[in-house]
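> Quick one, what's the 3D model for this:
(one chain, ligands or ions: 1)
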Amino acid sequence: MPENKVKKYFSLIEAWAWCDICEDMVALRIDKKEIINGLKMGIYTKEYKHSNPYPIPDDPDDVSGQEHTVYVYINDSFDVTGVKTFFGESLSTEEIAAEATQAGGEVRIPIVVKEIPPMAVQLGMLTKEEFMVLKICDGMNSLEQVAEIAQKNIEKIEKMMDKLRKKGLVKVIRRT
Ligand SMILES: [Zn+2]
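Prediction:
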């Protein structure tokens, strides 16, 4: 699949994210202010509902003409660090597991169990890093994908998860 791409301008960015339902790049224009504001809450994600205007006619397997969502994670350098595509409200645990098990082995999906306000960081209850990682544990990412989106190595994320789990902030679902 082609690489996601970003062009950065003074006040906005243009991002191209790969939609594996359309099998095409989807172009997004996003205000930098919107991203900076979102990042204050830990991470920034852009949710964009669309449908393929040119699905393959007479192909029953091509469902891209139906409305679906591309969900893009953007970091504080305005780069795309993750992309999800799905029909309906979100990606299901089964879909994440199916995608990840192709790589073999057990899939671990961390999910936040308690909503944490940004104030927790100011109060020293969590580090800024932990706060960001918690936000990525939205139930749509395997542990490896969380590491990728957070741009941390997996060992560091595993350690952090142990700590956050002991604090009762996150649970990890396992699927094989
Ligand atoms: Zn699409």
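> On the strand side of things, show who Glu14 bridges to.
Beta-bridge partners for Glu14, by DSSP bridges, are Lys7, Arg29.
> Could you tell me how far it is located from His50?
Counting by Cβ to Cβ, to the nearest Å, the gap from Glu14 to His50 is 16 Å. For glycine as for every other residue, the C-beta is placed from the backbone atoms N, C-alpha and C.
> quick one, which of the two is more surrounded?
Neighbour comparison, Glu14 and His50: the larger count goes to His50, with 16 against 13 (by other Cβ atoms under 10 Å).
> thought that one was touching Asp24?
No. His50 is beyond contact range of Asp24, at 10.3 Å (criterion: Cβ atoms under 8 Å).
> now for the lowest-mean-pLDDT helix or strand in the chain, which elements pack on it?
Lowest mean confidence among the helices and strands of the chain (mean pLDDT, DSSP states H and E): helix 93-101, at a mean of 78. Judged by 3 or more Cβ pairs under 8 Å, 6 or more residues apart in numbering; DSSP states H and E, helix 93-101 is in contact with strand 107-112, strand 170-175.
> and the chain, which residues reach the ion?
By Cβ under 5 Å from the ion, the residues of the chain that approach the ion are 19, 21-22.
> buried subset of the residues you listed?
19, 21-22 (16 or more other Cβ atoms under 10 Å).
> Indicate which one of the helices and strands packed on helix 93-101 is closest to Ile149.
strand 107-112 (11.7 Å; Cβ to Cβ).
> which helices and strands sit right next to the helix or strand following the closest one?
Heading C-terminal from strand 107-112, the first helix or strand you meet, by DSSP states H and E, is helix 119-122. Using 3+ Cβ pairs under 8 Å, 6+ apart, the elements in contact with helix 119-122 are helix 128-136.
> Remind me what the helix it packs on packs against, helices and strands.
Checked by 3+ Cβ pairs under 8 Å, 6+ apart, helix 128-136 has helix 119-122, helix 143-150, helix 154-166 packed alongside it.
> ok so Pro2 is a helix residue?
No. Pro2 is assigned coil when assessed by DSSP: H, G, I helix; E, B strand; the rest coil, not a helix.
> what residues are up against it?
18, 25 (Cβ atoms under 8 Å, 6 or more residues apart in numbering).
> Report the contact partners of Gly42.
Contacts of Gly42 (Cβ under 8 Å, 6+ apart): 118, 131-132, 134-136.
> Please repeat the previous calculation with a cut-off of 10 Å.
Contact analysis of Gly42 by Cβ atoms under 10 Å, 6 or more residues apart in numbering lists 116, 118, 121, 128, 130-136.
> right, and out of the residues you listed, which lies closest to the ion?
Ile136 (22.2 Å; Cβ to the ion).
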